[in-house]
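Enquirer: Structure of the sequence below:
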Amino acid sequence: MTAVTVPAPTAAPAPADRTAPVVTVRDLRVDYGDQTVLDGVDLDLHAGETVALLGASGSGKSTLMKSLTGFAPVAGGTVHVAGHDVSALRTREQRQLRAEVGQVFQQFNLIPRLSVLTNVLAGGLHRAGPINLIGGFTGEQRKLAMHYLDRVGIAHKAKDQARSLSGGQQQRVAIARALMQQPRIVLADEPVASLDPKLADSVLELLRGIAAEYRIPVLVSLHVLPLALRHSDRIVGLRQGRMLISAPTPELDTEQLLPLYEHEEHRDDAHVA
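Expert: Here you go, the predicted model:
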């Protein structure tokens, strides 16, 4: 493959520098009408780390992720992401922030009839400028997209339609598309919920490797406790909108995480097996 210079996503602090988190959330409260969904949540995300976000359905995981990009109303506290004060952003500034946040979802959100390469190129639309008005991409953009496809292990599928790929392969395309944004942070909301266990392990291993290699934090919400314990540097746990757990993963085990699900009618939401 032709060599390509990969631009650094950001100027990230060195691993030993823990004074400059990419994300800082303090005393966050999110209300929808008269219902408080998050209350008193604190969160720091540092360059290069993978943080697993755990909690039962309705605990506020998705709302916390949405608050980082301005899609959830901040009723109290502060949210700072990559230098942006999220609650104070105007519409144009919100768009800029969202362009700096790569997102990976349970549903891959690819355009099925387009090629794998074109789907990845779409991740760089906000950086490509007026050229997109005529539907073109530069050679450098194509080289960069191929670099990311190679990084996620499916460069050989670049010309295939996205709909021809397996679920695990499509999620890898989605990750390459997120990297094409040159993100300051990656948010992965239940990215392996639709994958079998072996594929889930491989996708989470990939995300963790990307966090370390590109020096960007990855926040990944999960339901399966063993996956969180295997594939994260730190675990944050929510229960009924409040932060119950925040600790380095090596300091935790399954028994310590089960209280996150104690008030659920169905304890199997934790998928402890």
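Enquirer: and Ala82, what does it touch?
Expert: Taking CB atoms under 8 Å, 6 or more residues apart in numbering, we find Ala82 in contact with 10, 22-23, 97, 100-101, 184-185. All C-beta atoms are positioned from the backbone trio N, CA, C, and that covers glycine.
Enquirer: Let's see that with 7 Å instead.
Expert: 22, 100, 184-185 (CB atoms under 7 Å, 6 or more residues apart in numbering).
Enquirer: again with Arg29
Expert: Applying CB under 7 Å, 6+ apart, we find Arg29 in contact with 36, 38-40, 75-77.
Enquirer: just to revisit the earlier point, narrow the contacts of Ala82 to just the buried residues.
Expert: Buried by 16 or more other CB atoms under 10 Å: 22, 100, 184-185, out of the contacts of Ala82.
Enquirer: re the thing from before, among the contacts of Ala82, which two are most distant?
Expert: Largest separation among the contacts of Ala82 by CB to CB: Val22 and Glu100, giving 10.0 Å.
Enquirer: what's the overlap in contacts for the two?
Expert: Counting by CB under 7 Å, 6+ apart, the residues touching both Val22 and Glu100 are 82, 184.
Enquirer: Am I right that Gly123 falls within a helix?
Expert: Yes: applying DSSP: H, G, I helix; E, B strand; the rest coil, one finds Gly123 inside a helix.
Enquirer: can you pick the most crowded of the contacts of Arg29?
Expert: Using other CB atoms under 10 Å as the neighbour test, these are led by Leu38, with 26 neighbours.
Enquirer: and that residue, bridged to which residues?
Expert: For Leu38, the beta-bridge partners under DSSP bridges are Val30.
Enquirer: so where's this structure shaky on pLDDT?
Expert: Along the chain, the model assigns pLDDT under 70 to residues 1-19, 127-135, 263-273.
Enquirer: Which residue ranges make up the domains of it?
Expert: By the record's domain assignment, the chain is partitioned as 20-100+187-195+213-273, 109-182 (automatic domain parsing).
Enquirer: Let me have those in a markdown table, adding distance to Asp201 as columns.
Expert: Formatted as a markdown table, these follow (distance: least, CB to CB, whole Å):
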| stretch | distance to Asp201 |
| --- | --- |
| domain 20-100+187-195+213-273 | 7 |
| domain 109-182 | 10 |
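Enquirer: Which one of those lies nearest to Ser202?
Expert: domain 109-182 (6.8 Å).
Enquirer: quick check, distance from that closest one to the centre of its chain.
Expert: 17 Å (CA atoms, centre = their mean, to the nearest Å).
Enquirer: gap between the two ends of it?
Expert: 19 Å (CA to CA, to the nearest Å).
Enquirer: so what's Leu54 bridging to?
Expert: Beta-bridge pairing of Leu54 under DSSP bridges involves Gly237.
Enquirer: any idea how far Met243 is from it?
Expert: 11 Å (CB to CB, to the nearest Å).
Enquirer: out of the two, which sits in the more crowded spot?
Expert: Set Leu54 next to Met243 and count neighbours by other CB under 10 Å: Leu54 wins out with 26 against 21.
Enquirer: Looking at the buried ones among the contacts of Ala82, which are in strands?
Expert: Counting by DSSP state E, those place Ile185 in strands.
Enquirer: you'd agree Gln169 is up against Ile154?
Expert: Yes: Gln169 lies in contact with Ile154 (CB atoms under 7 Å); the separation is 5.6 Å.
Enquirer: Out of the buried ones among the contacts of Ala82, which comes closest to Glu262?
Expert: Nearest to Glu262 out of the buried ones among the contacts of Ala82 is Ile185 (CB to CB; 30.5 Å).
Enquirer: ok, and the closest non-adjacent residue to Trp108?
Expert: For the record, residue 108 is Phe, not Trp. Gln170 (4.3 Å; CB to CB, 6 or more residues apart in numbering).
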